[in-house]
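A.B. asks: coords below, sequence missing:
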């Protein structure tokens, strides 16, 4: 695992860090993401992303903050039609990343359960953020 992480970090060390937003939750109950004090935010940084919510704490993050920061990349779960929903949801549908096709789905289970599969999640995240960095 350590070797794979080192390999990934070497492959992206000179790359620009695109602003990124990882959707953890959305809708009537509020908007949630990986803020700066979360393990998921650490994984995003390891993948070469500039987490727009890194300066916040907890999980709550308003859609107004997301729209204001207009991330270059948005990542969401591949479950429950999240991508299709976000593409039509107020605020999200207006993001440049969504309009330009940079809303990506990923298996949330690779991140929400910390364990050996986190390297798989890191790899998939890097392939989204820096598609030319690793094979």
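C.D. replies: Nice, thanks for sending it over. As the structure is a prediction and not an experimental result, all values here were calculated from the model.
A.B. asks: Give me the contact list for the helix or strand of the chain with the lowest mean pLDDT.
C.D. replies: Least confident helix or strand, the chain: helix 109-112 with a mean of 84, by mean pLDDT, DSSP states H and E. By Cβ atoms under 8 Å, 6 or more residues apart in numbering, the surrounding residues in contact with helix 109-112 are 39-40, 43, 117-118, 120-121, 124. (Glycine included, C-beta is placed from N, CA and C.)
A.B. asks: Go through those and flag which are in strands.
C.D. replies: Of the contacts of helix 109-112, none are assigned to strands by DSSP state E.
A.B. asks: Return the member of those nearest to residue 61.
C.D. replies: residue 40 (12.3 Å; Cβ to Cβ).
A.B. asks: Could I get the contacting residues of the most centrally placed residue in the chain?
C.D. replies: Centroid-nearest residue in the chain: residue 22, 3.2 Å away (criterion: Cα atoms, centre = their mean). Going by Cβ under 8 Å, 6+ apart, residue 22 touches 33-34, 40, 44, 51, 75-76.
A.B. asks: now do 7 Å
C.D. replies: The neighbours of residue 22, taking Cβ atoms under 7 Å, 6 or more residues apart in numbering as the test, are 33-34, 40, 44, 75.
A.B. asks: Reduced to three states, what does it come out as?
C.D. replies: Three-state call for residue 22 (DSSP: H, G, I helix; E, B strand; the rest coil): strand.
A.B. asks: Tell me the spacing between it and residue 89.
C.D. replies: 16 Å (Cβ to Cβ, to the nearest Å).
A.B. asks: Look up phi and psi at residue 3.
C.D. replies: The phi/psi pair for residue 3 (degrees, to the nearest 10) reads phi -60, psi -40.
A.B. asks: So which residues of this structure form strands?
C.D. replies: So, for the chain - with DSSP E - the strands run 19-25, 32-33, 50-51, 73-77, 103-106.
A.B. asks: Just name whatever secondary elements the third one is in contact with.
C.D. replies: Spelled out, it's strand 50-51. Strand 50-51 sits against strand 19-25, helix 39-46, with contacts defined as 3 or more Cβ pairs under 7 Å, 6 or more residues apart in numbering; DSSP states H and E.
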